[in-house]
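Trainee: below are the sequence and a predicted model for it; my questions follow.
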Amino acid sequence: MKKALFTFIFLCLHSIVFSQVNIEEIKKNVTVNPQKYYYEYLEIFKTAPETLSQEQLNYIYYGNNYVDYGYDRLTFNQKSGKISKFAHNRISKKFAEKILLDALPLYEQNPLNKELLLCLSDLYKAKSEQEKSDFHYNQYQLLIKTIEKSGNGKLDNSAILVTSFQDLMLSVERFSIVFVPGLDFKEKVLPDGSWLYIFKNGIDLFFVRLVHHKDAFK
């Protein structure tokens, strides 16, 4: 009896921790009122990210799918790639200052870009500005935890939920036990237009659902 009760409690807690994000509700609210459900939270993310609730972080990460990019993606990726090339290396304080001049305008365009957040953390660390370095690393960690808490990846109805191919692979590498080079997978399009990826390693499976940005293929 005690064992059965313990199992029941464990399953309840497990379902609470790995509750699926309500994408349709986020899409509806952000589309109708982006200022309230996205941009206000985004401003807090840029100033005091630790004060945001998990629900608000969900609105930032997944709600980003339903607002305009606001910048040219190709140009952004080219510029951010140049920053990544140097930011994670051991560089001088003077060179870090120079790279920051290019990195900070990109941060204003897209403060949710996780690679850019890591770059900023390393650049400020190179300048011995540990508080700013920790701030951007904390932003990065909050986004990673948001992805991790979206599901457990064990079944299709509890799949990890991501918004980019980069985050799809990040999820497999960081949150699963199936990752090996050359991992087998299959994919299928769901009725809502999102993609379900099923990764397999022996008998172990890992499920990730990818919800594309509204303008991803434009």
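Mentor: Yep, it's here.
Trainee: relative to residue 167, how far out is the spatially most central residue of the chain?
Mentor: Central residue of the chain (Cα atoms, centre = their mean): residue 143, 4.6 Å from the mean position. Per Cβ to Cβ, to the nearest Å, residue 143 is found 9 Å from residue 167. For the C-beta atoms, the positions are set from N, CA and C on the backbone; glycine is no exception.
Trainee: tell me how many other residues surround residue 188.
Mentor: Other residues lying near residue 188 total 9 when counted by other Cβ atoms under 10 Å.
Trainee: ok, then the element right after the lowest-mean-pLDDT helix or strand in the chain?
Mentor: The least trusted helix or strand in the chain, going by mean pLDDT, DSSP states H and E, turns out to be helix 2-17, with a mean of 41. Moving toward the C-terminus from helix 2-17, the next helix or strand (DSSP states H and E) is helix 23-32.
Trainee: just the CA coordinates for that next one, please, in CSV.
Mentor: C-alpha atoms of helix 23-32 as CSV (Å, rounded to 0.1, in the frame of the first residue of the first chain):
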residue,chain,number,x,y,z
ILE,A,23,1.7,26.9,-27.1
GLU,A,24,-1.8,27.7,-28.4
GLU,A,25,-2.5,30.0,-25.4
ILE,A,26,0.9,31.7,-25.8
LYS,A,27,0.4,32.2,-29.5
LYS,A,28,-3.1,33.6,-28.9
ASN,A,29,-2.1,36.0,-26.2
VAL,A,30,1.1,37.2,-27.8
THR,A,31,-0.6,37.8,-31.1
VAL,A,32,-3.5,39.7,-29.6
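Trainee: what is that helix packed up against?
Mentor: If contacts are counted by 3 or more Cβ pairs under 8 Å, 6 or more residues apart in numbering; DSSP states H and E, helix 23-32 sits against helix 54-63.
Trainee: quick check: the gap between residue 49 and residue 193.
Mentor: Going from residue 49 to residue 193 by Cβ to Cβ gives 30 Å.
Trainee: I misspoke; the intended subject was residue 53.
Mentor: Distance of residue 53 to residue 193, computed by Cβ to Cβ: 28 Å.
Trainee: now do residue 151
Mentor: Note on residue 151: its distance to residue 193, by Cβ to Cβ, is 18 Å.
Trainee: compare neighbour counts for these two and give me the winner.
Mentor: The neighbour comparison of residue 151 against residue 193 (other Cβ under 10 Å) goes to residue 151, with 24 against 8.
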